[in-house]
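In: sequence below, structure please.
(one chain, ligands or ions: 3)
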Amino acid sequence: MTVVPTIVRLDSSSSIRHDWCLDEVNELFAKPFNDLIFQAQTLHRDNFDPNEIQISSLLSIKTGSCSEDCGYCPQSARYDADLTPEALMPIEEVVKAAQRAKEQGASRFCMGAAWRSPKDRDIERVVEMVQEVKSLGMETCVTLGMLTEKQTEALKTGGLDYYNHNLDTSEDYYSEVITTRTYQDRLETLERVRDAGINVCCGGIVGMGESDIDRAKLLMELANLPKHPESVPINMLVQVEGTPLMGTEMLDPIIFVRTIAVARILMPESRVRLSAGRTDMSDEMQALCFLAGANSIFYGEKLLTTDNPMTSHDHDLFNRLGVYSGGSSHVS
Ligand code: SAM
Ligand code: DTB
Ligand code: SF4
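Out: Numbering: from 1, shown residues only. Ligands and ions are numbered 1, 2, ... in the order given. The predicted model follows:
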């Protein structure tokens, strides 16, 4: 994809808030659709080039056999998903995959590992991967589970740009989905990442059977963090055979688009990523998500272990919509 220079229009009146209350967020969700999308798109234009979309590619660097019980995840050792576990990938393979992602147009390479938390010796190997990928001229992101302070510092010193760690859902609904680590554990890792000076990538998953209030609370939690995450991935649950959440009632696509719009309004300077679940979304639904303020995607034919749209399909979609890849964070 062609990278076009980003033109950023900033509105100094756009205020960043960290004190959203539930009633306000519920009111946004309840707005007439056209009014909500107009408000989100207006804020989007105040902060970003409206036709520019940031592209990240994913690679699973350590797959499956995970001790955790996240009910959505095919990589948990507790469930019977059709998946071949793989040990930590050799660095040369990681570099090859990153090179390929770069050639296909990705600006950020995100490496994910199926760990509850990494060991210190794992961090040393991940740091080597980060350095090699950075030397290709790409931004780096990793998602490795819970981290200690020492580990966040090692990743920062190693040059890591972003750390992905999702809240996944509201605190209330969380224990319906995961019991092997707490919401508070997640918040603590996020705080360590922030304190180490690494950019934060944090979002959640919808379509897990949560209520409207849970979605509002998830977004409120993200927006009321001391600093908004630079990237906010909004995933639609990818239902995988063998996982407990397989068979969950599908979320109304209009509610998904509303979720993107509310995320854009609450976190106007963050990259909101239309993340997992795009293979089950029509092109029209994805176009609505971009209109609602999504300005990032995962690109490449695989997410971590599940399918993502063909790159040729995304290429065509970008051309049909007149959007182009580029950009990184909000520029002030
Ligand atoms: N093991 C680490 C952890 O959980 O923190 C990092 C990898 S984990 C696979 C990264 C994120 O992927 C999860 O937090 C979750 O938000 C997302 N994810 C996993 N399975 C998913 C699915 N089936 N559908 C949508 N998102 C999913
Ligand atoms: C995020 O929010 N979504 C990505 C990334 N961060 C690591 C992962 C989606 C995983 C979907 C299921 C799979 O492919 O295993
Ligand atoms: Fe393990 Fe992460 Fe999957 Fe949870 S989401 S089971 S921690 S790989």
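
In: list the contacts for Ile198?
Out: Ile198 makes contact with 152, 155-156, 160-163 under the criterion C-beta atoms under 8 Å, 6 or more residues apart in numbering. Where C-beta positions appear, they are placed from N, C-alpha and C, glycine not excepted.

In: how does it look with 7 Å?
Out: 152, 155-156, 160, 162-163 (C-beta atoms under 7 Å, 6 or more residues apart in numbering).

In: cool, Arg125 as well?
Out: Contacts of Arg125 by C-beta under 7 Å, 6+ apart are Leu88.

In: and it, how far from Glu139?
Out: Distance, Arg125 to Glu139, by C-beta to C-beta, to the nearest Å: 20 Å.

In: residues making contact with stretch 251-262?
Out: By C-beta under 7 Å, 6+ apart, the list of residues contacting stretch 251-262 reads 25, 28-29, 33, 36-37, 40, 206-207, 215, 219, 234, 236, 272, 274, 285, 288-289, 292-294.

In: give me the buried subset of the residues you listed.
Out: For the contacts of stretch 251-262, a burial check counting by 16 or more other C-beta atoms under 10 Å picks out 25, 28-29, 36-37, 40, 206-207, 215, 219, 234, 236, 272, 274, 285, 288-289, 292-294.

In: Asn199 and Ala294: what is the separation?
Out: Following C-beta to C-beta, the distance that separates Asn199 from Ala294 is 18 Å.

In: for Ser211, that is, sorry about that
Out: Ser211 is 23 Å from Ala294, by C-beta to C-beta.

In: the residue in the stretch 101-250 of the chain positioned nearest to ligand 2 - how many residues pack around it?
Out: Ranked by C-beta to the nearest ligand atom, the top residue of the stretch 101-250 of the chain for proximity to ligand 2 is Pro233, at 3.4 Å. Using other C-beta atoms under 10 Å, Pro233 is surrounded by 25 other residues.

In: just the one 4 residues further on next, same as before
Out: Neighbour count of Leu237, defined by other C-beta under 10 Å: 23.

In: what's the residue nearest to it when sequence neighbours are not counted in contact with, if anything?
Out: Closest residue to Leu237 apart from its sequence neighbours, by C-beta to C-beta, 6 or more residues apart in numbering: Gly207 at 4.0 Å. For Gly207, the contact set (C-beta under 7 Å, 6+ apart) comprises 236-237, 248, 250-251.

In: tell me which of the contacts of stretch 251-262 fall in helices.
Out: 25, 28-29, 33, 36-37, 40, 215, 219, 285, 288-289 (DSSP state H).

In: specify the beta-bridge partners of the residue nearest the centre of the chain.
Out: Closest residue to the average C-alpha location of the chain: Pro233 at 2.5 Å, with C-alpha atoms, centre = their mean. Taking DSSP bridges, one finds Arg273 as the beta-bridge partners of Pro233.

In: test my guess that it contacts Val200.
Out: No: look at Pro233 against Val200 with C-beta atoms under 7 Å: they stay out of range, at 11.2 Å.

In: quick one: the helices in the stretch 151-300 of the chain?
Out: 171-177, 183-196, 212-223, 253-266, 283-291 (DSSP state H, counting those that start in this stretch).

In: buried residues of the fourth one, list them for me.
Out: Neighbour counts over helix 253-266 (16+ other C-beta under 10 Å) mark 253, 256-266 as buried.

In: show me which of those residues neighbour ligand 3.
Out: Near ligand 3, judged by C-beta under 6 Å from any ligand atom, there are no entries from the buried residues of helix 253-266.

In: which residues of the chain score low on pLDDT?
Out: Applying pLDDT under 70 to the chain picks out residues 1-14, 327-332.

In: redo that, cut-off 90
Out: 1-15, 105, 325-332 (pLDDT under 90).

In: got the residues of it near ligand 3?
Out: 66, 68, 70, 73, 75-76, 114, 116, 145.

In: show me those residues that map onto helices.
Out: Those of the residues of the chain next to ligand 3 lying in helices (DSSP H): none at all.

In: closest to Ser175 among the residues you listed?
Out: Distance ranking of these against Ser175, using C-beta to C-beta, places Cys70 first at 11.8 Å.

In: how about the residues of the stretch 201-332 of the chain that lie near ligand 2?
Out: Counting by C-beta under 6 Å from any ligand atom, the residues of the stretch 201-332 of the chain near ligand 2 are 203, 233, 235, 238, 275-276, 303-306.

In: what's the neighbour count on the residue nearest to Leu58 when sequence neighbours are not counted?
Out: Spatial nearest neighbour of Leu58, chain neighbours left out: Cys110 (4.9 Å); criterion: C-beta to C-beta, 6+ apart. Cys110: 28 surrounding residues under other C-beta under 10 Å.

In: equivalent analysis for Ser312, please.
Out: 9.

In: coming back round to it: just the buried residues of the residues of the stretch 201-332 of the chain next to ligand 2.
Out: Buried residues within those, counting neighbours by 16+ other C-beta under 10 Å: 203, 233, 235, 238, 275-276, 303-305.
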